[in-house]
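Got a sequence here, can you build the structure:
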Amino acid sequence: EGVVEGNVSVYQRTTEDGEYAYVRNSRLSPSYGKVYDYDFSAAVYPKYIKVISEVEPTLAVVTFNA
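Residues are numbered from 1 along each chain as shown. Reported below is the predicted structural model:
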């Protein structure tokens, strides 16, 4: 919460020490909303996620099904 949608980028990797790859379509067009909600499925595990925001969010939560 607290970020404009277009100011967030999501990256992923499947190895502990590999390079992160940009998740296509994770950077949505800027809007006037202040909540960024992004969901994607994972077919390969483990999954390491990096989220980069151009501004500091007021709240950040990551959830997953184990």
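
most centrally placed residue in the chain?
With distances taken as C-alpha atoms, centre = their mean, V10 lies nearest the centre of the chain, 3.4 Å away.

which residues does it contact?
For V10, the contacting residues are 22-23, 26-27, 38, 40, 49-52, by C-beta atoms under 8 Å, 6 or more residues apart in numbering. No exception for glycine: its C-beta is placed from N, CA and C like everyone else's.

do Y45 as well
Y45 touches T14, counting by C-beta under 8 Å, 6+ apart.

ok, now E19?
Contacts of E19 by C-beta under 8 Å, 6+ apart are R13.

any idea how far V3 is from it?
Separation of E19 from V3 (C-beta to C-beta, to the nearest Å) stands at 25 Å.

and if you look at V61?
Distance from V61 to V3, by C-beta to C-beta: 13 Å.

Residue ranges in this protein under the pLDDT threshold?
By pLDDT under 70, the low-scoring segments of the chain are 4-6, 27-32, 42, 66.

Helices of that one, start to end?
Ranges of helices within the chain: none, based on DSSP state H.

What are the boundaries of the strands in it?
Counting by DSSP state E, the chain has strands at residues 8-13, 21-22, 48-53.

closest to G33 out of those?
Checking these against G33 by C-beta to C-beta gives strand 8-13 as the closest, at 11.6 Å.

Sort out which residues of that closest one are buried, please.
Residues of strand 8-13 classed as buried: 8, 10, 12-13 (neighbour count, 16 or more other C-beta atoms under 10 Å).

Throw the contacts of V10 into TSV and include distance to N65, thanks.
Shown next, in TSV, are these (distance: C-beta to C-beta, whole Å):
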residue	distance to N65
Y22	24
V23	18
S26	19
R27	24
Y38	16
F40	12
I49	14
K50	20
V51	18
I52	24
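
Quick check: the farthest pair among those residues?
Greatest spatial distance among the contacts of V10 (C-beta to C-beta): F40 and I52, at 15.9 Å.

Identify the residues contacting F40.
10, 23, 26.

buried sites along stretch 53-66?
Those would be P57, for stretch 53-66 by 16+ other C-beta under 10 Å.

S53 versus N65, what's the distance?
According to C-beta to C-beta, N65 and S53 sit 24 Å apart.
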